[in-house]
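Undergrad: need a structure here:
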Amino acid sequence: MADDFKPDRNPAPPSFQSGATGQDVTRAMPHALGHEKSILSSMLKDPEQWIGVSLEEGLTREHFYMPGHGLLFETLRDLNAKGTVIELVSLVQLLHDRGQLDSVGGPATITDIFTYAPNAAHFHNHLALVKDKHVLRSVIRTCTEAVAEAFDNPEETASLLDRVESSVLGIRQGTESVKGFHIKQSVTEVISHFEALLSGDVEVQGAPTGYADLDRMCKGLKPGEMFVVAARPSMGKTSLMMNIAEHICVDHKVPTMVFSCEMTAFQIVQRLVFSRARFAMSQMGRGFRPKKEDLLRIKRAAEEIASAKMFVDDTPGILIDTLRAKARRRKREDNIGFIAIDYLQLLKSGSKQAQNSREREIGEISAGIKGLAKELGIPILVLAQLNRGPEGRTGKSLGVPRMSDLRESGTIEQDADMIGLLYRTAYYAETEEEKEQEAGKAELVLAKNRNGETGHVPLTFIADLMRFETRARDDHEGH
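TA: From the prediction side, this is the model:
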């Protein structure tokens, strides 16, 4: 299609002036206006489908050559994130009210964009080309700046080279769209890595966690609920999350998606395989050689996990809008029934309002996760970090967490259906004798349960296996 957008009704697009070599030649930067219009047309016609895909592919306002196109995309993205129905009349009115209608070219231009693409069959190809042109513009800008710096500061060679290398690497990283993938892809890699190192029944209404007392209190993780598990660092919250995800996905065959902002997919799968096989990887560094039964257990665990429908996305610092788009797509394509997120404070919000307020950002993220659970009709377990409050307590309260210890706790407390506070008593033991006596003991304090009882869930933490197991209650713990 021809690039028939009317540029006189939009701010001038960027151009490139090559004056560093003595020439004064102004050239238009690489662009594909027709392709930009095509993907915007698809978004206007089917917002739920194509805005979600664009977010999953990492599309941003900056990818558009024409400023008006970028502004229109950002408006559509924000409306979709709020769940607002997108249709032409209301969109034109909204842009008019914001004083932005002329910036996108007026009502006629929006109508023209809407009718531009007869169908969305080529959406992915057009999106890829728009992103490619953005990469070319980024390369030109980076190289132009490098040329100017090389002329202006010839004595700073080492620092200049470092900055140029960092900038080019940033461009490459920006082109990579990290997607969730079937966990089977990593099982072979985990086993290869291992080989290289060698030369209760509970009635529940929702997804069972595998911990009898917790399932009794909450009747399983129910559709639409957000379960926050919070702890101080090194308490084992990631292990608990993956133990629950393993039980739901591998043992109960519920398709599951895991978002890991802190650990790589390889580390997640490695934990799953060897924890399930009950084989301590720490032994390998001490010259230990596995027995035949160890190898059989590892092989069996790997096969069970490889056959499970689990997907891992290890995008660091993922935007909440992108996370939701990926989850929606995985729900459509694989009917996932459970999501686990590690962890809330590592997610980001792309809204302008959140840029200057961390509390506002956490609020948007928390509300976004809760909204996603309700939208997809599945439970979501999300980890969260506690502040230093537990360390500041004394006596028997030393280390015992409270809901008020949640960082930016107000919005999280409000959105969560359940809040579990995890801690291990041995971590705060003040003498060796006390540490030995409390070794392995852990507690999950179910401090909030919107639809059931609260209380303590006694657990045992097997550090070598990164595994929590049910522990019988001590006499003083009660029921």
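
Undergrad: For residue 264, which non-adjacent residue is closest in space?
TA: For residue 264, ignoring the flanking residues on the chain, the nearest one in space by C-beta to C-beta, 6 or more residues apart in numbering is residue 314 at 5.1 Å. (Each C-beta comes from the backbone N, C-alpha and C, glycine too.)

Undergrad: ok, that neighbour touching residue 265?
TA: Yes - using C-beta atoms under 8 Å, residue 314 is in contact with residue 265, at 4.7 Å.

Undergrad: hey, which helix is longest across this structure?
TA: helix 123-152 (DSSP state H).

Undergrad: Next, the buried residues of that helix.
TA: Of all the residues in helix 123-152, those buried under the rule 16 or more other C-beta atoms under 10 Å are 123, 126-127, 129-131, 133-134, 137-138, 140, 142, 146.

Undergrad: can you tell me which of the residues you listed lies nearest to residue 116?
TA: Proximity to residue 116 was ranked across these by C-beta to C-beta; first place goes to residue 126, at 10.8 Å.

Undergrad: show me the contacts for that closest one.
TA: Taking C-beta atoms under 8 Å, 6 or more residues apart in numbering, we find residue 126 in contact with 32, 35, 38, 39.

Undergrad: If you rank those residues by neighbours, which is first?
TA: Across the contacts of residue 126, the neighbour count under other C-beta atoms under 10 Å reaches its highest value at residue 39, namely 31 neighbours.

Undergrad: That residue and residue 51 touch, don't they?
TA: No - when contacts are counted by C-beta under 8 Å, residue 39 is not listed as touching residue 51 (10.0 Å).

Undergrad: Mutual contacts of residue 314 and residue 265, please.
TA: Shared contacts of residue 314 and residue 265, defined by C-beta under 8 Å, 6+ apart, are not found at any residue.

Undergrad: With distance to residue 275 and pLDDT added, can I get the buried residues of helix 123-152 in JSON lines?
TA: Output for the buried residues of helix 123-152, formatted as JSON lines (distance: C-beta to C-beta, whole Å; pLDDT from 0 to 100):
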{"residue": "123", "distance to residue 275": "41", "pLDDT": "90"}
{"residue": "126", "distance to residue 275": "44", "pLDDT": "92"}
{"residue": "127", "distance to residue 275": "39", "pLDDT": "92"}
{"residue": "129", "distance to residue 275": "44", "pLDDT": "93"}
{"residue": "130", "distance to residue 275": "43", "pLDDT": "93"}
{"residue": "131", "distance to residue 275": "39", "pLDDT": "91"}
{"residue": "133", "distance to residue 275": "46", "pLDDT": "93"}
{"residue": "134", "distance to residue 275": "42", "pLDDT": "91"}
{"residue": "137", "distance to residue 275": "47", "pLDDT": "92"}
{"residue": "138", "distance to residue 275": "42", "pLDDT": "90"}
{"residue": "140", "distance to residue 275": "49", "pLDDT": "91"}
{"residue": "142", "distance to residue 275": "44", "pLDDT": "88"}
{"residue": "146", "distance to residue 275": "48", "pLDDT": "87"}
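
Undergrad: Pipe those residues into JSON lines and attach distance to residue 391 per row.
TA: Rendered in JSON lines, the data for the buried residues of helix 123-152 read as follows (distance: C-beta to C-beta, whole Å):
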{"residue": "123", "distance to residue 391": "52"}
{"residue": "126", "distance to residue 391": "54"}
{"residue": "127", "distance to residue 391": "49"}
{"residue": "129", "distance to residue 391": "54"}
{"residue": "130", "distance to residue 391": "50"}
{"residue": "131", "distance to residue 391": "46"}
{"residue": "133", "distance to residue 391": "52"}
{"residue": "134", "distance to residue 391": "47"}
{"residue": "137", "distance to residue 391": "50"}
{"residue": "138", "distance to residue 391": "45"}
{"residue": "140", "distance to residue 391": "52"}
{"residue": "142", "distance to residue 391": "45"}
{"residue": "146", "distance to residue 391": "48"}
